[in-house]
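Trainee: Quick one, what's the 3D model for this:
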Amino acid sequence: MIPFLNRRPTVAVIRLAGMIGAGGRAQLSDELIGPVIDKAFSRGKPVAVALVINSPGGSPVQSSLIAARIRRLAEEKSVPVHAFVEDVAASGGYWLAVAADEIWVDASSILGSIGVISAGFGAQELLARQGIERRVYTAGKSKSTLDPFLPEKPEDVARLKTLLAQIHEAFISHVKSRRGAQLSEDPDLFTGEFWLGRQAVSLGLADGVGHLIPKMKELYGNKVRFARYGRRRSLFQRFGATLAQDAMMALEERAGYARFGL
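Mentor: Numbers count the residues shown, from 1 in each chain. All right, here's what the predicted structure looks like:
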């Protein structure tokens, strides 16, 4: 018997968990997770790639970059991609899920939130009460747009809403291009609403209820093996050398999940 002719089929498993964003505090960014995705598609000729997703969203740009990388490699390698949603795949997390050819959920998973949000604070009254005067000098009338230490200007808000609407359209276009005729005609589909697993399936946002190991065995045989890929924390991170940064990241991530009651 020639050993390599009897090799068991392999499913590469990539874990995509946490907030999506650029910079050091993000759990998921194209820079950080990109090499992991590349390795999962390239090592050992997998019969499929499984994305295990648990993310409340984050940066639309980083979501788009990660999803585009997954699709590019899937097409280059001719490898099917399955997404398995744990607690939540919402907003940018759903953007990632839609990069898969099929989306599987738990009955209690949360999916959707196909919308865009921008949030901040206005501190001009606090400064005034403290007797602090804000001094800003610019070359270019739009350089101080949405400065949180200055009174809000209607024209700045209108400009921001225009940008958010354009990002929202890109998100909707991405979902429609991937899910196509599977999507229902529910008027709330693209309003930022979110749903539990079974209802998400009925709306066409997912393909069915299914968990990683039994579903992959059902599709690729009982002898399938799993090769798991994930981003490793640095030595300094493991020993708490970035404690303040990690605390801030944990607060941001907690707020992200809290939007969905998690």
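Trainee: C-alpha only now, for contacts and for neighbours.
Mentor: OK.
Trainee: Tell me where this protein has helices.
Mentor: Applying DSSP state H to the chain gives helices spanning 30-42, 60-77, 92-97, 124-129, 154-179, 197-202, 212-220, 235-238, 243-258.
Trainee: Which of these sits closest to residue 84?
Mentor: Comparison of these against residue 84 by C-alpha to C-alpha identifies helix 212-220 as nearest, at 6.4 Å.
Trainee: do you know how far the most centrally placed residue in the chain is from residue 191?
Mentor: What sits nearest the mean C-alpha location of the chain, by C-alpha atoms, centre = their mean, is residue 93, with 2.8 Å. Residue 93 sits 16 Å away from residue 191, going by C-alpha to C-alpha, to the nearest Å.
Trainee: Double-check residue 111 against residue 200; I have them as touching.
Mentor: Yes - using C-alpha atoms under 8 Å, residue 111 makes contact with residue 200 at a distance of 6.5 Å.
Trainee: more neighbours, those two?
Mentor: Neighbours of residue 111 and residue 200, each counted by other C-alpha atoms under 10 Å, are more numerous for residue 111; the result is 31 against 24.
Trainee: Kindly state the beta-bridge partners for the more buried one.
Mentor: Listed by DSSP bridges, the beta-bridge partners for residue 111 are residue 89, residue 195.
Trainee: Tell me which residues touch it, please.
Mentor: By C-alpha atoms under 8 Å, 6 or more residues apart in numbering, the contact list for residue 111 reads 88-90, 94, 194-197, 200, 205.
Trainee: follow-up on the earlier one: contact partners for the residue nearest to the centre of the chain?
Mentor: 20, 53-58, 63.
Trainee: List the ones among the residues you listed that fall in strands.
Mentor: The strands, defined by DSSP state E, take in 53-55 from these.
Trainee: hmm, back to that, out of the contacts of residue 111, the closest to residue 101 would be?
Mentor: Minimum separation from residue 101 among the contacts of residue 111 (C-alpha to C-alpha) is found for residue 205, which lies at 11.8 Å.
Trainee: tell me the pLDDT at residue 46?
Mentor: pLDDT for residue 46: 97.
Trainee: That one: neighbour count?
Mentor: 20.
Trainee: How about it, nearest residue that isn't a chain neighbour?
Mentor: Spatial nearest neighbour of residue 46, chain neighbours left out: residue 10 (4.9 Å); criterion: C-alpha to C-alpha, 6 or more residues apart in numbering.
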